[in-house]
Every structure is written in structure tokens, then in C-alpha cells.
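Undergrad: Sequence plus predicted model, see below.
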Amino acid sequence: MIGIVGGGLAAAKLVEGYRGAGGTGEIVIWSQDPHGPYHRPPLSKRLLRGEAGPEDALISLEGVDLRLGETVSSLEDVQADTIVIATGSRPRELSGALHLRTLDDSLELRRRALESTTATVIGGGFVGCEVTASLTQLGLRVTQVVREPVLFAAIECPPLSEALHDTYRAHGVELRLGETEIPPADLVLAGVGVVPNVEVARDAGLEVRTAVVVDERFRTSRAGVYAIGDVAEFYDPLYRRHRHVEHWSNAAYHGTTLGRILAGEDARFDIVSSFFSEEFGKSFRTYGDALGHDATSLEGDFAGDRALFRFSRGGATIAAVATGLSDEEQAGIQDEIRAGAASLA
């Protein structure tokens, strides 16, 4: 039996990957969430804006014993041959502010938004920027308070940040960059990061750093126990180091790949990681890991329809941020990053 602790996207994709690869064993998922697995990207976008309903985010699973609203407090309570920790993460709390992590959080935020005229959003990352855009599109006057001097500071792509500043201000958002004072509003939401739910892993004596340490096959320090998604600090053979990534695409890939592994395939983490964000109808995507870059270059304009910002080290491309690329161009930049990172081995 495979016992999965946590019922988010990574768990759902594990089931799909395992069954798709011919796995026939029993699978049990313990999930604190009462709704079962669902996609999180719509929570700050289409669901919040009322363009989709809760049912549109849900993931239908077959061939699994899904135990909703149940909490596993110890791995010793999981009677399974194989245990997978997929406990995800939780928002960093800010007193007096709403947070957005679950489907119910999104529905409550929408309810509050429809009763409000003003909002203050704290944070300049994915949740903060996407919620600000969605609340503005719902007609609220939004003030966005960002401790850093730019939006999406962690991405380190100044041309993208500058274009977003212009876009947000053009839509009436009051940007307060480099500030921490929180102005009053009808509703206040904090998007200031998340904390991996590592407690059950730490209590079991597994190696935990930023998150639960695993190899490229998602194995923890204990035989028969794996970790995937937000809660995993995984080994990326492309960059030859451990990484921790908290995005939809990473959770999906982890789950699918581990499902194939548990079904007997010789699979492992082996992609150029990427993730996306969408604000005011326009999206951008990042590729790879820019850590340690020593130069950058820009093609195009993020204020326009197409832009490609490269990060390089020693003359080799190791990461990129882009908008408006065709599928062929996206595949090409990932090949370029793979070759660039490999050349630095």
C-alpha cells in the first residue's frame, strides 16, 4: 500500500502518474482539506474574479481511498509499505490580515471583496501581485504595500518589474514600494510567503533543512519514505544542488514522476523547472535557476508582446524570464538552459 500524507496537487498527480504507468497497488490519501485535491492557480485569479466556480478547480481521482478532513500527526500512524509526505505549506500569518492558500480562503476573499470598495494587499510576490490585479479587476481601489523596492524582487528581473509597475499604476493601483506601513482598508490581505509543513517529517527524524531533504528520486533519509511538492528540498541534477521550489508546475512534476517511480519506472527529477504568473490578462514565465549568475541580457520589451531576459554565468545561459514566446521558443530556451548549466559542470 502507498500512504500519502497530504491531499494537494502533488498527491493527485502521484496517483495519476502511478496508475498511468500501470501501478495497481492500493493508495490511501489523508487530507486535512475537506474538498480533496484541486488546482491552486485559479484561487488568486479566475475563481477570485468569479470567472470560474469551485468545481472547475477540483481534480477528479479514481482508484484511491481519499480520506478528507483527516490529519496525520505521526508517520507511525501510517500503516503502509511506502509513505509519501505531500503536506505542502501554509501562509506566513500577519495579524489582522486575510490569507490565501485554500479554496475556502479564495471563496471568503471573494465574498469580502464583493462587500468592499477598498483593499490593502501586503506583499510583492505571486500571491500579492495576482490578488492585487484580481481585486482591481473586481472594481476595488487597491493599495499594494511591498517591503522590497520592486514587484517580484526575488526574480531579479528589473525590466519585468518596471513594466509591471507601469501596468499596475495604469490600472489605478497605488503602489507603495519599499514600505511596511499598512494603510486601513475594507479588507487587508497578506501574501508574504509560506512555511513548509515539515512537522510530521521532523518528528519522524527525517533530515529537514528548508524543507524535507530528498534526492532526485524523492527519497528521504528513511527507506520507504518519500517527499514531494512544496514540502520537499529536492536534488536538481541540472544544477547539481538541492533546491526548494513552491509552485504549481513543480508539485505537478514531482507527483507525476514519483508515481511513475513507484510503478517501477526508472524516472527521476530531470527537467528545466519553470513557473508562471498572470496579471491583468498578461502572463510571464521563468525558467531554470538564476542563482550565481554574473550577467544578464534582454531581448524585446516586457511592456510589449514579447520579451526574453537571460541570466548567464561564465557566458552560459542558466535561467530566463520571458513573455510572449511560442511553444517552439519555450522549448528552445529550455534546451539552451540545459546546455548552459551542463557546460558549467
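TA: Cool, got the structure.
Undergrad: Give me the pLDDT value at the residue nearest to the spatial centre of the chain.
TA: Nearest to the mean C-alpha position of the chain, by CA atoms, centre = their mean, lies His247 at 1.6 Å. Listed pLDDT for His247 reads 94.
Undergrad: Can you tell me the closest non-neighbouring residue to it?
TA: Closest residue to His247 apart from its sequence neighbours, by CB to CB, 6 or more residues apart in numbering: Phe275 at 3.7 Å. C-beta here means a position set from N, CA and C on the backbone, and glycine is covered the same way.
Undergrad: Sheet partners, orientation included, of the helix or strand hosting that neighbour?
TA: Mapping Phe275 onto the secondary structure by DSSP states H and E places it in strand 274-279. Partner strands for strand 274-279, per DSSP bridges, with pairing direction: strand 282-288 (antiparallel).
Undergrad: can you pull the buried residues of the strand it pairs with?
TA: 282, 284-288 (16 or more other CB atoms under 10 Å).
Undergrad: now swap in stretch 202-212 and tell me
TA: The neighbour-count criterion (16+ other CB under 10 Å) identifies 204, 206, 208, 211-212 as the buried residues of stretch 202-212.
Undergrad: Quick check: end-to-end length of it?
TA: The stretch stretch 202-212 measures 8 Å between its terminal residues, going by CA to CA, to the nearest Å.
Undergrad: Repeat that for stretch 218-236.
TA: First residue to last in stretch 218-236 (CA to CA) measures 11 Å.
Undergrad: Over to stretch 29-39?
TA: Between the opening and closing residues of stretch 29-39 we find a distance of 17 Å, counting by CA to CA.
Undergrad: Show residues contacting that stretch.
TA: 3-9, 11-12, 15, 54, 57-59, 61, 64-72, 78, 102-104, 248 (CB atoms under 8 Å, 6 or more residues apart in numbering).
Undergrad: I'd like the average pLDDT over that stretch.
TA: Stretch 29-39 shows a mean pLDDT of 96.
Undergrad: Determine how far that stretch lies from the middle of the whole chain.
TA: With CA atoms, centre = their mean, to the nearest Å as the basis, the distance from the averaged C-alpha position of stretch 29-39 to the chain average is 17 Å.
Undergrad: what comes up buried for that stretch?
TA: The neighbour-count check on stretch 29-39 (16+ other CB under 10 Å) flags 29-33, 35-39 as buried.
Undergrad: Just put the residues you listed in JSON lines and tack on secondary structure and distance to Cys157.
TA: Shown next, in JSON lines, are the buried residues of stretch 29-39 (DSSP: H, G, I helix; E, B strand; the rest coil; distance: CB to CB, whole Å):
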{"residue": "Ile29", "secondary structure": "strand", "distance to Cys157": "37"}
{"residue": "Trp30", "secondary structure": "strand", "distance to Cys157": "39"}
{"residue": "Ser31", "secondary structure": "strand", "distance to Cys157": "36"}
{"residue": "Gln32", "secondary structure": "coil", "distance to Cys157": "35"}
{"residue": "Asp33", "secondary structure": "coil", "distance to Cys157": "33"}
{"residue": "His35", "secondary structure": "coil", "distance to Cys157": "35"}
{"residue": "Gly36", "secondary structure": "coil", "distance to Cys157": "36"}
{"residue": "Pro37", "secondary structure": "coil", "distance to Cys157": "32"}
{"residue": "Tyr38", "secondary structure": "strand", "distance to Cys157": "30"}
{"residue": "His39", "secondary structure": "coil", "distance to Cys157": "26"}
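Undergrad: Would you convert the residues you listed into a markdown table that also reports distance to Glu336?
TA: What follows is the buried residues of stretch 29-39, written out as a markdown table (distance: CB to CB, whole Å):
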| residue | distance to Glu336 |
| --- | --- |
| Ile29 | 38 |
| Trp30 | 42 |
| Ser31 | 39 |
| Gln32 | 41 |
| Asp33 | 39 |
| His35 | 40 |
| Gly36 | 39 |
| Pro37 | 34 |
| Tyr38 | 34 |
| His39 | 29 |
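Undergrad: Which of these sits closest to Arg306?
TA: Checking the buried residues of stretch 29-39 against Arg306 with CB to CB, the nearest one is His39 at 27.1 Å.
Undergrad: where does the stretch 151-300 of the chain have low pLDDT?
TA: Counting by pLDDT under 70, the stretch 151-300 of the chain contains no low-confidence range.
Undergrad: Show me where this protein has its helices.
TA: Along the chain, the stretches classed as helices by DSSP state H are 9-20, 46-49, 54-57, 103-114, 126-137, 158-170, 199-203, 248-262, 327-343.
Undergrad: Nice, that's everything, thank you.
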